[in-house]
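> What follows is a protein structure lacking sequence information:
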């Protein structure tokens, strides 16, 4: 599967196998920071929108879903190249927005993938990891649902401190 970056395949495994949307965000953000291609940022926003929706942070979720919609339109070709059915995903995102606005229950979804070989590869990886592709979510798993609050943030805090120190040194000149 050299056609697709490993980070993307891992993102799909997390999105459809573990439903760990926070982890989707983390792994894709690292890749996006390196390559700065906007379609990867779309996937980050999508995972975070779902993550917020599942936590019932509807304002955050709506804001991100709307950004995803705009990004689906502006990055259509790039997303198609990584085998995402952009029209179907756009329809799904619109339905998620309507569901939130109508105060409906959280409903998970799958990213529509057009490359059957990619899906087969992801299914195989999931099986090796004892995961089920397109699995339903365990909404009682609070560690999964509140991942950002329950993880060790030492590295994030350290990175922010280093960045702040770097900016201060640059200003001093």
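Everything's here; your move. Keep in mind the model is a prediction, meaning the values are calculated, not measured.
> these two touch, right, residue 52 and residue 68?
No: between residue 52 and residue 68 there is no contact under Cβ atoms under 8 Å: 11.8 Å. Quick note: C-beta positions are derived from backbone N, CA and C, even for glycine.
> higher neighbour count, those two?
Comparing residue 52 with residue 68 by other Cβ atoms under 10 Å, the one with more neighbours is residue 68, at 26 against 20.
> In three-state terms, label that one for me.
helix (DSSP: H, G, I helix; E, B strand; the rest coil).
> show me what contacts residue 49?
Contact analysis of residue 49 by Cβ atoms under 8 Å, 6 or more residues apart in numbering lists 60, 61, 64, 65, 68, 93, 96.
> tally of neighbours for residue 39?
By other Cβ under 10 Å, 21 other residues sit near residue 39.
> next one: the strand or helix carrying it to chain centre, how far?
Secondary structure from DSSP states H and E places residue 39 in helix 38-54. Here the centre of helix 38-54 is set off from its chain's centre by 4 Å, with Cα atoms, centre = their mean, to the nearest Å.
> tell me the phi and psi of residue 84?
When read as degrees, to the nearest 10, the backbone of residue 84 gives phi -100, psi 130.
> give me every residue that touches it.
By Cβ under 8 Å, 6+ apart, the neighbours of residue 84 are 111, 112, 113, 114.
> So which of these is the closest to residue 128?
residue 113 (18.8 Å; Cβ to Cβ).
> pretty sure that closest one is touching residue 12, no?
Yes: using Cβ under 8 Å, residue 113 is in contact with residue 12, at 7.4 Å.
> what sits in contact with each of the two?
Joint contacts of residue 113 and residue 12 (Cβ under 8 Å, 6+ apart) are residue 122.
> which of those two has more neighbours?
More neighbours surround residue 12 than the other of residue 113 and residue 12, with 26 against 18 (other Cβ under 10 Å).
> Could you list which residues are in contact with the residue positioned nearest the centre of the chain?
Centroid check for the chain by Cα atoms, centre = their mean gives residue 47 as the closest residue, at 2.6 Å. Residue 47 is in contact with 11, 15, 21, 22, 24, 25, 28, counting by Cβ under 8 Å, 6+ apart.
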